[in-house]
Each structure stands twice: as structure tokens, then as C-alpha cells.
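Q: Turn this into a model:
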Amino acid sequence: MKEQQPSVERAVRAIVRLSRLFERADAGLSLAQFRILELVSRGTERSTQIATRLATSKPAVTVLVDGMVAAGLLTRSSQPGDRRVVRLALTPKGEEALAHTERAYGERLRPLLEEISDPAALLLQLAEVDDALDARWARRSSGQAGPAGQVDPSPTTAEVPARR
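A: So this is what the prediction gives:
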């Protein structure tokens, strides 16, 4: 097979294939559930914020959150002074599920890393992508212009700040 040159299209294909690799992991959570737990672990407390960051509808998030509350992964609490505001928080079981899922995804990724020429460089580049996504999200939230002088477009499912 002829070696293909790097391209944005090829990178997109690889990312989509990686998501399928994670979907097939024995993680105990779906990718959507993982993303919600991961966002809540970073401090995103409201379903509306989660829906915005995942570029989906609030009703879709609410259905997932309902199931996660019933499973004991999340709790809901109202904000004093404004009962319309509902805050989400991880339970200890939710923290454990998030950690288990991250380990399961890592187990799926490690064999692939062993097959590439410079796994450390790839991990470094992925961390850099994560940081760039954080910066874009922060600019969007504040309405600031990006490096090209434009405010970044709507968020995508991949663009969430990293846990620190």
C-alpha cells in the first residue's frame, strides 16, 4: 500500500476511528456519559452549560443526567435563592466510574501507541491540542478574538477544558 501524506482529512479519519476504539472499550459508561461526568468533574454544574459544550440539546442532556442520577453517579441540588437553577455534582460512585472509564480508554489506546514511531511525541501533541481547545473555549466564553482576529465559532463536542 502506498504511504499517504499527512492531511487534515486523514487526521479526521483517525480521530473518528479512535472514538470507535473508545466506544468498544469495556468502560461501563457510554462516550456521552463519560463526557458529562468529565465536564462535571471540571466544574460544569448546569445541564444548560453541558448541552452547550457538547453541542446538543438540553432535553438530550437531561435524559442522560436523569439516568446518571438514578445510577448514583451524579447528584442534583438547587441553588439557594433561585430554585430554578439546578447544580450537578459527582458522587463518589461517579468519580470512581470516571476514573474506571479513563483507565479503560487508556488500555484501548496503549497497544496502538506501541505501533507508532514516536508515541511520546503523539501524546505531547494531543496534550497541546487539549490546551488549544481549552484556549478556544475560554475565548468563546469571554467573547475574545482568537489568533486570527475572529471570535471562535460554536463549540464542538471535543472542545472542553482539561481537568487540572
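Q: State the pLDDT value of the residue most central in space within the chain.
A: Geometric centre of the chain, nearest residue: residue 35, 4.3 Å, by Cα atoms, centre = their mean. Note for residue 35: predicted pLDDT of 91.
Q: what's the burial count for residue 27?
A: Neighbour count for residue 27, taken as other Cβ atoms under 10 Å: 21. The way it works is simple: take the backbone N, C-alpha and C, and place the C-beta from them, glycine included.
Q: next one: residue 53
A: Residue 53 has 23 nearby residues by other Cβ under 10 Å.
Q: Please name every helix or strand in contact with the helix ranked longest in the chain.
A: Using DSSP state H, we find that the single longest helix of the chain is helix 119-142. Packed against helix 119-142 by the contact rule (3 or more Cβ pairs under 8 Å, 6 or more residues apart in numbering; DSSP states H and E) you find helix 92-113.
Q: returning to what we had before: if you count contacts, what does the helix or strand hosting the residue nearest to the centre of the chain end up packed against?
A: Using DSSP states H and E, residue 35 falls within helix 31-41. Where contact means 3+ Cβ pairs under 8 Å, 6+ apart, helix 31-41 is packed against helix 8-23, helix 47-54, helix 58-70, strand 74-79, strand 82-90, helix 92-113.
Q: Dump those to TSV, plus distance to residue 120 and mean pLDDT.
A: Formatted as TSV, the helices and strands packed on helix 31-41 follow (distance: least, Cβ to Cβ, whole Å; pLDDT from 0 to 100):
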stretch	distance to residue 120	mean pLDDT
helix 8-23	18	92
helix 47-54	29	84
helix 58-70	35	94
strand 74-79	35	88
strand 82-90	31	83
helix 92-113	9	95
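Q: Pick the most buried one from the ones you listed.
A: For the helices and strands packed on helix 31-41, the largest average neighbour count (mean count of other Cβ atoms under 10 Å) is found in helix 47-54, namely a mean of 19.
Q: Report the angle between that helix and strand 74-79.
A: If you take axes from the mean of the first three to the mean of the last three Cα atoms, to 10 degrees, helix 47-54 sits at 120 degrees to strand 74-79.
Q: I'd like the distance between the residue lying closest to residue 68 once chain neighbours are set aside and residue 96.
A: Counting by Cβ to Cβ, 6 or more residues apart in numbering, residue 74 is the residue found nearest to residue 68 once chain neighbours are left out, at 4.6 Å. Noted for residue 74: a distance of 13 Å to residue 96, by Cβ to Cβ, to the nearest Å.
Q: same thing with residue 107?
A: According to Cβ to Cβ, residue 107 stands 16 Å off from residue 96.
Q: I'm done for today, thanks for sticking with me.
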